[in-house]
Structure formats: structure tokens, C-alpha cells
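A.B. asks: model the following, please.
(2 chains)
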Amino acid sequence: MKKAFPILGALTAILLGYALYEALVAAPTEQTMGDVQRIFYYHVPSAWTAFTLFLINFVASILYLVRRNPAADIIALVSAEVGVVFCTVVLVTGPIWARPVWGIWWAPGDIRLTSTLVLWLIYVSYLILRRFSSSGQTPTLAAALAVLGALCVPFVYFSIWFFRTQHPQPVMGGGGSIDPRMLHVLLINWLAFLCFAFLVCWSRYRLEELQRDVDHAHAMQSLMDPRGSVR
Amino acid sequence: MTAPTGITRATLLKDLRLEWRSKDAINSMLFFSLLVVVVFRFSFDPTAEESREIAGGLVWVAFLFAAVVALNQTWAREIRNQVLDAYRVSPAPANSLFIAKTLGNFILVTVLEALMTPLFIVFYQLRSLGPAWQLLVVAVLGTWALVVNGTFFAAMSLRTRSREIMLPLLLFPISIPAILAMVQATTSILTGEGARVWMALLVSYDLVFTTGCLLLFETVLNAE
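C.D. replies: Now for the predicted structure:
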């Protein structure tokens, strides 16, 4: 396992470099938007990666509620943390793209950007809950919040749906069409981002495990020796 | 063992009696939402037409913040004297307690709304262009959406440091679709457009989250 980490790290670095080249140089320039459109290769893969991570968080939370498995709790925590980071990238790149193309930074009626913002708020509140609750109860409370948060997602989507949408049609499964060359670059970027997210999650997972071992050892130590200090 | 409805009724009556004698929550809620009404009235100074456009948002913002006051107090009195711990070791079903608390908050917030609505009408010269009875439906659905989640998250934030701050931080993000629906429904009724879609959204939101909270409440109450 320990050997696999640097190998995967090197592979991810190569993939990210290749994806950067593809996005900035190899991909064809968009006809109407010009080079501004290239931010799309960061915006969309980040969004897909964030959504994937939030889905993992939801599944892991349910698994924790059913099985009470600590590993599931760590996975839920880690995927929410990394998901929030990718979600932040989406929320920052969205307005940067929107300003030159739509003429405004933010369209409150836009369904994807706004529902991503609400999703971001929900998962930030999840992380705040984890930070503020006392350690023994954190996993259960957080898992319950994660389940309710995931239940909220369709409502967020439909409530903003009833506002009119300004966003370009979804690339996949919608009416929009895309140059196959652009799609290729997009998918490479997504793969690179997923590898990167997986790498970060993995190291964060190991860190969290270590942290819990350390906390446990401290707790045991102070139990054994009533005069000993905790730290 | 008492039947679950008996436990619900006993808890509800106890809470209402306590509130009736102290009037802590309702007084602070009333004064708070009165302040919101007055401050917004002076800061916007709207005409009757503008009022119709903004009143939906204003009313619900006032009720939302006032409801948090009541919700924060929901479980506080059960912490003193370890009432909640006693409840946890008793064989009484957790959900009866949850339903009682939710109903109690619902009644409290409804009373607040009933008292504040005339003030809103006077201050903002409101006159509905759509069917006004629909506002009643929206009020019931919206209030339920707020208190069912609010009671649940109040029980959750009970276990955290700085619990008074935690409740809005947990409650507001998840309530955003419901708040959007309430505000839009109210505004559409006031301006005479249809609000059917928003009401349907509120109904399904209420159903899903009531079920979700009932399924998860016992877990949260017994979290260790």
C-alpha cells in the first residue's frame, strides 16, 4: 500500500500536466467565446468530481448509520472535505467565466450555479457540525445531517428550476452539442481531477486514522495514570 | 407503558403549560419580529405596489429568525435536571417526544404569525391580489417545514459547543429550498399569480423531511 501512494502520485502529476496541455493548447478554440471557454475544462470536471465525492459521502454516511463502521465515518469526513474544496473551485471559476460571457458575475436564477452554492453551504455546515460536536457523537450526528442534506438536493434543484435558467444546456444528457475533441479534453481533465481527488482523500484518510490513534492513545494514557497530563 | 400518543400529549401539554406561565419564548419572538418589521419599514419605505413584491421575503425572514429563538429553547429546559437522559433510559419511544416538541413549536410559531400578520398588513398596506385563503395554506406548510427541521437540528446542536449559534448554521442551508418556496408562494399570491407549483414543492418537502426526521431522530437522541 505504501509503495502504491508515490506511484499514484507520480501518475496523477503526469496526468494533470497532460490535461493542462490539452486544455490550454490542444483543445480547439471556441467560436463565439474564444479562449474564455477554456475555463470550462476546469469548471465542469471540478463540478463532477465534487458531486462524485458528495455521493460517496452520502453512501458512506448511510453505511455508517447501518453498520457503525469507523472506516465509513472517516470516508464520509474525507470525501466531504475534499468535495467542498472542489465545489469551491466550481463556484470561483463559474463567475469568472460568466462575467465576460453573460456580462454579469452571478445569475441568481441560474440553476446549476445556485444549486451548487446551496450544496456547498450544506456541506460546509456539515463540516462545521463535525468541528463543533464532542468527539464521541460526531460520527452519528454528522451521518444524520449528511442523509438529510442529500435528501435536500432534489428540492434545491427543483426550487431553482422554477426560476428560469440562464446556464448553457448540460453537456451530457442534455440538448447541447459539443465538439468530440473538446469532449475528449474534458474527460481527460475529469480523469486527472478524479485521480487527484482520490490521492488527496487517501492521504487525508491516513492522517485522520493516525489522528484518531493518537487521540485514543492519549485517552488511554490519561486513564492509566491519573496524575499524567493529557498532552 | 403509556401509549405513544399519551406520551406525546403529556409532553406537549407540559411544554405549553410551561410556556403559558413563563411566556419567555413568545415574548422574545414577538418583540424580535416587531423589530424586524419596523427596521425594514424604515430602511425600504416601499409603496403599496413594492410592498407586494418584497413582503413575502420580509415576512418569512422575520418569522424564520423569530422561530430560531423558540427552537433554541426547545430542548434547553430538558437539559437541566437531566430530563433528557431520563427520557433516553425510559422505554418511551423517541418519536413521541419528537412529535410533541415539533407540535409545540408549531403552535408557538403559528401564534406568533397570527399576531404579527395584522401588523405587517398595517405597516406595509398589504392587499392580496390573489386568493388570500391560499396564504393560510402556505403559512401552515411553511411553518411546518421550518419547525420539523428546526426541532430536529435543535436536538442535534444540543450536543455541540456553542449550541445557540449551531442551530441556524445547520438549519438554514437545508431549509433554503423551503424558504425559497414559501417566499415565492407568498409573493405570487400577493401579486395575483398562481402559486400551485410552489405549494406542491412545499408539500413534498414537508413529507420527505418529516419522514427523514422521524427515521433519524432516535439515532440522534441516543448518539454516543
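A.B. asks: what residues does chain B put near chain A?
C.D. replies: B:149, B:152, B:156, B:159-162, B:166, B:169-170, B:172-174, B:176-178, B:180-181, B:184, B:197-198, B:201, B:204-205, B:208-209, B:212-213, B:216, B:219-220, B:223-224 (C-beta under 8 Å from any C-beta of the partner chain). In this view, the C-beta of every residue, glycine as well, is placed from N, C-alpha and C.
A.B. asks: in helices only, show me those residues.
C.D. replies: Secondary-structure check on the residues of chain B next to chain A using DSSP state H: residues within helices are B:149, B:152, B:156, B:166, B:169-170, B:172-174, B:176-178, B:180-181, B:184, B:197-198, B:201, B:204-205, B:208-209, B:212-213, B:216, B:219-220.
A.B. asks: mind checking which of the residues you listed are buried?
C.D. replies: Neighbour counting by 16 or more other C-beta atoms under 10 Å in any protein chain shown classes B:149, B:152, B:156, B:166, B:169-170, B:172-174, B:176-178, B:180-181, B:184, B:197-198, B:201, B:205, B:209, B:212-213, B:216, B:220 among these as buried.
A.B. asks: helices along chain A, start to end?
C.D. replies: Along chain A, the stretches classed as helices by DSSP H are A:4-21, A:40-67, A:70-102, A:111-132, A:138-161, A:180-224.
A.B. asks: tabulate the ones you listed (a markdown table), appending mean neighbour count.
C.D. replies: Converted to a markdown table, the helices of chain A look like this (neighbours: other C-beta atoms under 10 Å in any protein chain shown):
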| stretch | mean neighbour count |
| --- | --- |
| helix A:4-21 | 14 |
| helix A:40-67 | 21 |
| helix A:70-102 | 19 |
| helix A:111-132 | 21 |
| helix A:138-161 | 22 |
| helix A:180-224 | 15 |
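A.B. asks: stretch A:81-94 near chain B anywhere?
C.D. replies: No. Judged by C-beta under 8 Å from any C-beta, stretch A:81-94 and chain B are separated, with a smallest distance of 12.3 Å.
A.B. asks: correct me if wrong: residue B:174 contacts residue B:148.
C.D. replies: No. In this structure, residue B:174 is not within contact of residue B:148 by C-beta atoms under 8 Å, at 11.0 Å.
A.B. asks: buried ones in the lowest-mean-pLDDT helix or strand in chain B, by neighbour count?
C.D. replies: Taking mean pLDDT, DSSP states H and E as the measure, the helices and strands of chain B show their lowest mean at helix B:76-79, namely a mean of 82. Applying a neighbour-count criterion of 16+ other C-beta under 10 Å, the buried positions in helix B:76-79 are B:77-78.
A.B. asks: now the very next helix or strand once past that helix: average pLDDT?
C.D. replies: Stepping forward along the backbone from helix B:76-79, the first helix or strand reached (DSSP states H and E) is helix B:83-89. Model confidence over helix B:83-89 averages 86 on the pLDDT scale.
A.B. asks: could you do stretch A:221-228 as well?
C.D. replies: Averaging pLDDT residue by residue across stretch A:221-228 gives 77.
A.B. asks: for chain A, what lies in contact range of chain B?
C.D. replies: Residues of chain A lying near chain B (C-beta under 8 Å from any C-beta): A:65, A:118, A:121-122, A:124-125, A:128-129, A:132-134, A:136-137, A:140-141, A:144-145, A:147-149, A:151-152, A:155-156, A:158-160, A:162.
A.B. asks: kindly recompute the last result at 6 Å.
C.D. replies: Proximity of chain A to chain B is confined to A:118, A:121-122, A:125, A:128, A:132-133, A:136-137, A:140-141, A:144, A:148, A:151-152, A:155-156, A:159, A:162 under the rule C-beta under 6 Å from any C-beta of the partner chain.
A.B. asks: coming back round to it: pipe the helices of chain A into a markdown table and attach distance to residue B:96 per row.
C.D. replies: Formatted as a markdown table, the entries for those read as follows, by distance: least, C-beta to C-beta, whole Å:
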| stretch | distance to residue B:96 |
| --- | --- |
| helix A:4-21 | 51 |
| helix A:40-67 | 21 |
| helix A:70-102 | 29 |
| helix A:111-132 | 26 |
| helix A:138-161 | 19 |
| helix A:180-224 | 36 |
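A.B. asks: so which of those helices gets nearest residue B:85?
C.D. replies: Taking C-beta to C-beta as the criterion, helix A:138-161 is the member of the helices of chain A that comes nearest to residue B:85, at 16.6 Å.
A.B. asks: show me what the closest one is packed against.
C.D. replies: In terms of contact count using 3 or more C-beta pairs under 6 Å, 6 or more residues apart in numbering or on different chains; DSSP states H and E, helix A:138-161 is assigned the packing partners helix A:40-67, helix A:111-132, helix B:163-190, helix B:196-221.
A.B. asks: got the contact list for the shortest one?
C.D. replies: To tie it back to what came earlier, the one meant is helix A:111-132. Contacts with helix A:111-132, where a contact means C-beta atoms under 6 Å, 6 or more residues apart in numbering or on different chains, come from A:80, A:84, A:87, A:90, A:94, A:138, A:142, A:145, A:149, A:156-157, A:160-161, A:165, A:167, B:160-161, B:169-170, B:173, B:176.
A.B. asks: run through the chain and note the low-pLDDT ranges.
C.D. replies: Picking chain A for this. With pLDDT under 70 as the threshold, chain A has low-confidence stretches at A:1, A:31, A:108-109, A:135, A:163-177, A:226-231.
A.B. asks: sorry, should have said chain B
C.D. replies: B:1-2, B:224.
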